[in-house]
Structures are given as structure tokens and as C-alpha cells.
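S.K.: Got a predicted structure plus its sequence, pasted below:
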Amino acid sequence: MDNSDSHPSLPQAAGETDAPIWKDKRYLLIDDFAGMRVLLRESLRNIGARHIDQADSGGEAMALLARNRYDVVLCDYNIGEGKNGQQVLEEVQVRNLVLPTCIWMMISAEKSVESVMGAAEHQPDAYVIKPITEQMLVTRLNRAWARKQIFKPIEQAYLEKDYLRAAKLCDIQIITNKLHEVDLLRMKATLLLKSGEMALARETYEEVLKIRDFSWAKTGLAKILFKEGLYDSARQMFLEVIADNRNYIDAYDSLAATYQQMGLMEEAAKTLERVAKLSPNSIARQRNLGELSFKLGNVQVAEKAFRKCLQVGEHSALKTPDAYFGLARICGQKNEIKEALQLLVSVQKEFSDETLRVRTKITEGLVYHESGDFRKARKAGDELSEMLEATFARPDPTTCLDMARLLFAVGVKEAPEKLICEVVRNNHDNVILLNEAQQIFDKAKMTEEGIDLIAQSRKEAADLMNRGVSLWKSGKLKEAIEWMRVARAKLPTNQRILFNFAQIIISTMEQDGYRPELADEAREVLLTVDRIAPGQQRFAQLMESLQALEPVPEEEAEAADAPAEAVAAEDAPVPADKPAKGKAGRFGDDAAAGRAARVAPQGKSMWGRS
């Protein structure tokens, strides 16, 4: 099913290769119906399989998957009480319990659109509707196995987050695997898009569209327009894709994100509501719909979305505390305090995140405040202030801003001011967050003070970073590294600081030679920024530069048939005051929010672009 560009797994493509030796593989059959397990087991035995495990429930399946490495998993969708087949696949992906070479096939009698689409969004290698014959099973297994062999090195590079190397491997595979050319081009374009290589991604999508008018290729072009800040053009193209293929889920999600960037929140909510009806079993989509509808004051839609999110997430590894907190806020507004507080008790039982206690206290205070119990709201605010003083650790920016809202609402002034300034210093070029912070000051009747505090905080972050860049430019690499360590300690989630820190380390090793401890530090810094904001161009380029510095083992060097001639593009640390162009908001470049500017590459990229 043609459903997503965001994951490296792709639709199957037929191809003729030598048949695998199925007798040496290890199999897991997951089905609550014993007769079906017997049928599948006998079909596998007829092709030589010997090592076959069975599970009749999601819980038993997870226990087996945690203990063993399987080559083939055949999984039913409905498997009794507890997890269904989709949720088993979700948890396997979250916990990395199977290798990229494992074939995962959903075999089910479930034909409903929401079930098929929900499973397809998690990209099994096949979704087969029962009844299934032995010949059909063997054909699908052989096809999936053939594809796995072609994509194995690409998937491995993807798992290592070396996206540009993975894209180059796609080019290499296309030379000898013309039958899989479209699949490989799709993978290549996805990797380039994820790496931020917009021009090369556009070329690849346009090349595909000359072959056939694929929805995923047009959606990819629209995503490039989105990333370039051309939101109206992106919107038009997403709408064209949906008009041609009303079941193409990824286009709806991307269209909703585009409307949000354009400030058209009502349109974004309507789009999410429409796609949630098509594919309602996505926890992330229901959460996004709930949060956006709540901000717009559409309590009925928000409540429905949060309740669906809780229902779908009951047995899922992807369940989120956000739905509990969102529904508790709604209950507070409806003066249903008992259910709101019960939700806050439940969320603490279900999750163990270290910031959960803070988020629970924030929501408790907001519930009391919105229901009119100002005494208890103030008590929650006082307890929250004590928590802030007791630890330096802070939750995510959105939670911090919610915390500031509560503290201002209950009459506290100094603590929320400091909190907002911390958020600004760590996100000093994120226009959306900066405007949201100013709105909080506006509501607290502190407009002018807010403007001054935000400007001062942004300058502090810029000065801290620019000092490190200045040391780097003057050739004082050791001092620059030490300074950036200090900067990172003060502003641990500032993406610009993290990127520049990694670049300075890499530059030092390029000049003075490879040092494992510095390479490990640079990699850890880059993985940190990728967790904060995945898929940035600078991340991919710096990871490639870091990979290029690692010494090649002698046996690998001798075995290499054709060493790569290309030189990875080099980034320079970017001063905080580097101008950017884009949609202007209150604080400047809306399109560039959260995005690091970069100096043009010196030399050629792996595809020869200078």
C-alpha cells in the first residue's frame, strides 16, 4: 500500500534472484487460532523449514521476540486479548527486536480500511488477506527475501543514521538491479530529503515522475517546497495529491503541518480530523488532532481524539502521556474534576519518565484553575515552584511554557520569567516558540517586559555561541572545544550550539588527526541534536564527515573494490547573527525556525555537486 515516505521500508517489488534456503531460517507464527497455525506450519515445513516457534497471543509473541532473533514472522492482526498484530509490530520496531533482514508478514482476515491502513503505516513487508494458499505464501516470501538482499546494506546505513552513504548505496544498487529501480529511487529520495539535500531530492523525485505519476513522488516534491518555506505552493501540491488519491495518508498529515505553518489552524484541524477518519489507529495523529482542537477551543473534537488515543494506545508501545494530560485539561474545563484527577493518577502508573511528576503537577494546577478552584491551583503552583528550585533539569519547551502559564495564572512572577528565558536561550532562533513565549507575557500583562526579556535572552545565547565560533576562526581549536563544552552545559538543548560544537570537534580532528574520544563526543552531540529535531541537513553532513575521519580497518581497505572518490561537504560553524530569509514573524524568519544556517560546501558532494 502506497502510504508513507518517512520510513526506509518500501513497497515490495518483484525480482528474480536465487531462492533462499528456507530450511535454515527461524520462524515465528503469531495467531490465536490453532488451526491457522497448523496450516502455516505445514506450509513452511513443505519448503524445508525446521525451526518454527508459535505464539497464540501478543504477550507470548513479545516474550519470544525478546529472547530470539527470527528471520521470518507471520503475524495475524486480531490475536485475542491484549496486543493486536499492529501493536506487536509497533513494539518490535520501538525496541529493535528484529534485524533489518527479518521478513514481517501480516496475514489476516481483517479487511476493514482502518485496520489495513493502520498496519500499513508501520510498513510490514506484506499484508496478506486470508485465506492464503501455500503457493501464495511461498511467492510472497521469495519476493520479500529478494528485496531484503538488495536493501540490506542500505537499511544498515540507515540504522547507523549515515543517510548520505545510504543514498549513495541506492545508486550503486540501481546499476545492477533495474527491476527494483523505482523502489531504490524512492529510498534514495527519502534519504536525501531526510538529510536536507533538497536539490538532489527534487532531481530524484522528478526522475521518478518521468517514469510514472506516483503519489509518493509528488508528495516528496511538496515536502521540499514545505522545507523551503514555500507553504502556499506546498499546500497546492498536497491538495493535488489528495484529489488524485484520497487514501494517501501521508499527504494529509503533511497538508495539516503546512496549514499550521501558514497560521491556518482551523484548516489544519479539519485536515487532521478528515485523515483520522480514514486511518484512526495512529496514536500520534489522534494526539495532534486533540492538542490542536483543544487550542482552538473545539472541546468536543479534542475529547474524542484524546479518548481514541487512549483506546488505541492501551496495549501499544507508542502510547503517550500527552493524551492523559490533554483529556484531564478537558475534564477540568467541563468541571469533571474527579475524572481529571483519576487520569493524573493513571498516567503516573503507566509511565515512569523523570519529567512526568512536573507535568502532572502542571496539569493538576491548570485543572483546578480552569474549574475555578483558585486556592488549590495556587497550592499546585507553589509546589511547582519548589520543584523548579530543587533541580536544574527541565522538561521539553512546550511543557516549560505550560508551566509558565500556570505560574503566571496563580500569581507567581519570578519563576515563570526565568523559565521562559531558559526556553528562549535554548531555542533562540525558533520563531514559533519565541512568539508563543511572548503571547504568555502578553496574557500576563507583561508585554514590554516580555519583549525586553526575550531580546536579552536571545543575545546571551548568541554571545555564548559566537565566542566559540570566534575561537575556532582564529585557529584556537582546543580553546574553542573547551568553550563549547561550557556553552553546551549552560544551554544543553540549543541546536545551533550543538551543531557548532560537533563541527569544531570534527575540524580539530581534520587538522590534528583522528582521536577516538573526540569522535565519540562529536557523535554523542550529533545524536543529541537529532533526538531534539530529527532530519536536519547539517546532521547528515556532519555525520558523514565524522564517518570519513574514522580509520578504515586494513582488511576492509584491501577488500574494497572501488573506494569512493567523493569528498564529503564541509560545514563551518555558523555565528548566531547570520541572517536568514523567510516568512517574517514577530521575531523574524519563521521558515528558518529551529534550522541552522550553513556555509556553502567546499568541494564536491558525493554526487559531484559543487
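M.R.: Here it is on my side, so go on.

S.K.: Counting neighbours, what do you get for residue 51?
M.R.: When counting by other CB atoms under 10 Å, one arrives at 14 neighbours for residue 51. Bear in mind the C-beta positions are built from the backbone N, C-alpha and C, glycine included.

S.K.: Name the nearest residue to it, ignoring sequence neighbours.
M.R.: Leaving aside its sequence neighbours, residue 51 sits nearest to residue 26 (CB to CB, 6 or more residues apart in numbering; 4.4 Å).

S.K.: My guess is that neighbour contacts residue 73. True?
M.R.: No: under the criterion of CB atoms under 8 Å, residue 26 lies out of contact with residue 73, with a separation of 9.8 Å.

S.K.: Looking at these two, which is more packed in?
M.R.: Between residue 26 and residue 73, residue 73 has the larger neighbour count (other CB under 10 Å), namely 28 against 16.

S.K.: What distance do you get for the residue nearest to residue 51 to residue 284?
M.R.: Computed as CB to CB, to the nearest Å, the residue 26 to residue 284 distance reads 32 Å.

S.K.: likewise residue 174?
M.R.: In this structure, residue 174 lies at 33 Å from residue 284, with CB to CB as the measure.

S.K.: Specify which residue of the two has the higher count of neighbours.
M.R.: Residue environment comparison for residue 174 versus residue 284 gives the larger neighbour count to residue 174, 17 against 13, counting by other CB under 10 Å.

S.K.: That one in helix, strand or coil?
M.R.: Using DSSP: H, G, I helix; E, B strand; the rest coil, the structure places residue 174 in helix.

S.K.: count of residues packed around the closest residue in space to it that isn't next to it in sequence?
M.R.: Setting aside the residues directly before and after it, residue 174 is nearest to residue 184 in space (CB to CB, 6+ apart), at 4.9 Å. Other residues near residue 184 number 26, with proximity taken as other CB under 10 Å.

S.K.: again with the one 3 residues further on
M.R.: Residue 187 has 26 neighbouring residues, counting by other CB under 10 Å.

S.K.: got it, and residue 546?
M.R.: Other residues near residue 546 come to 22 when the count uses other CB under 10 Å.

S.K.: what kind of secondary structure is it in?
M.R.: Three-state assignment for residue 546 (three-state DSSP): helix.

S.K.: Quick check, it in contact with residue 518.
M.R.: No: in this structure, residue 546 sits apart from residue 518 without contact. The criterion is CB under 8 Å, and the distance is 9.8 Å.

S.K.: thinking again about what came up before, so what's the residue nearest to residue 51 up against?
M.R.: Applying CB atoms under 8 Å, 6 or more residues apart in numbering, one finds that residue 26 lies in contact with 51, 53, 68, 69, 70, 71, 72.

S.K.: now residue 451: how far from residue 442?
M.R.: When CB to CB is the yardstick, residue 451 and residue 442 sit 10 Å from each other.

S.K.: Between the two, point out the one with more neighbours.
M.R.: Here residue 451 and residue 442 are compared on neighbour count by other CB under 10 Å; more neighbours surround residue 451, at 15 against 12.

S.K.: Point out where the stretch 451-600 of the chain drops to low pLDDT.
M.R.: Within the stretch 451-600 of the chain, the stretches with pLDDT under 70 are 535, 553-600.

S.K.: Residue 462 - that's part of a helix, no?
M.R.: Yes: applying three-state DSSP, one finds residue 462 inside a helix.

S.K.: Pretty sure it sits against residue 455.
M.R.: No: counting by CB under 8 Å, residue 455 is not a contact partner of residue 462; they are 10.6 Å apart.

S.K.: more crowded one of those two?
M.R.: When neighbours are counted by other CB under 10 Å, residue 462 and residue 455 differ, and residue 462 comes out ahead with 17 against 13.

S.K.: how much space between the more buried one and residue 429?
M.R.: Per CB to CB, residue 462 is found 9 Å from residue 429.

S.K.: Likewise for residue 104?
M.R.: For residue 104, the distance to residue 429 equals 41 Å [CB to CB].

S.K.: so where's the stretch 301-450 of the chain shaky on pLDDT?
M.R.: Across the stretch 301-450 of the chain, the ranges flagged by pLDDT under 70 are 391-393.

S.K.: Helix or strand: which one has residue 137?
M.R.: Secondary structure assignment for residue 137, by DSSP states H and E: helix 134-159.

S.K.: How about residue 395?
M.R.: Using DSSP H and E, no element contains residue 395; it sits outside every helix and strand.

S.K.: the helices in the stretch 1-150 of the chain, which residues?
M.R.: Remark: helices of the stretch 1-150 of the chain, listed N- to C-terminal, are 34-46, 58-67, 85-95, 113-120, 134-159; assignment by DSSP state H, counting those that start in this stretch.

S.K.: Go through those helices and find the least confident stretch.
M.R.: For those, the weakest mean pLDDT is recorded on helix 113-120, namely a mean of 64.

S.K.: What sits closest to residue 237 if chain neighbours are left out?
M.R.: Of all residues apart from its sequence neighbours, residue 222 sits closest to residue 237 (CB to CB, 6+ apart), at 3.7 Å.

S.K.: what about that neighbour, how many neighbours?
M.R.: Neighbour count of residue 222, defined by other CB under 10 Å: 26.

S.K.: ok, it to residue 39 distance?
M.R.: Distance, residue 222 to residue 39, by CB to CB: 44 Å.

S.K.: Just the endpoints, please. Distance across stretch 346-363?
M.R.: 13 Å (CA to CA, to the nearest Å).

S.K.: Buried residues, that stretch. List them.
M.R.: By neighbour count, and taking 16 or more other CB atoms under 10 Å as the criterion, the buried residues in stretch 346-363 are 347, 348, 355, 356, 358, 359, 360, 361, 362, 363.

S.K.: Would you agree the third one is in contact with residue 400?
M.R.: When you say that, I think you mean residue 355. No: counting by CB under 8 Å, residue 355 sits too far from residue 400 to count as a contact (9.9 Å).

S.K.: Residue 240 is in contact with residue 255, correct?
M.R.: No: shown here, residue 255 and residue 240 do not form a contact pair, counting by CB under 8 Å, at 10.5 Å.

S.K.: Could you pull out the strands in the stretch 451-600 of the chain for me?
M.R.: If you assign secondary structure with DSSP state E, counting those that start in this stretch, the strands in the stretch 451-600 of the chain sit at 584-585, 588-589.

S.K.: do the stretch 101-250 of the chain as well
M.R.: With DSSP E, counting those that start in this stretch as the criterion, the stretch 101-250 of the chain has strands spanning 103-108, 126-129.

S.K.: Sounds good, over and out.
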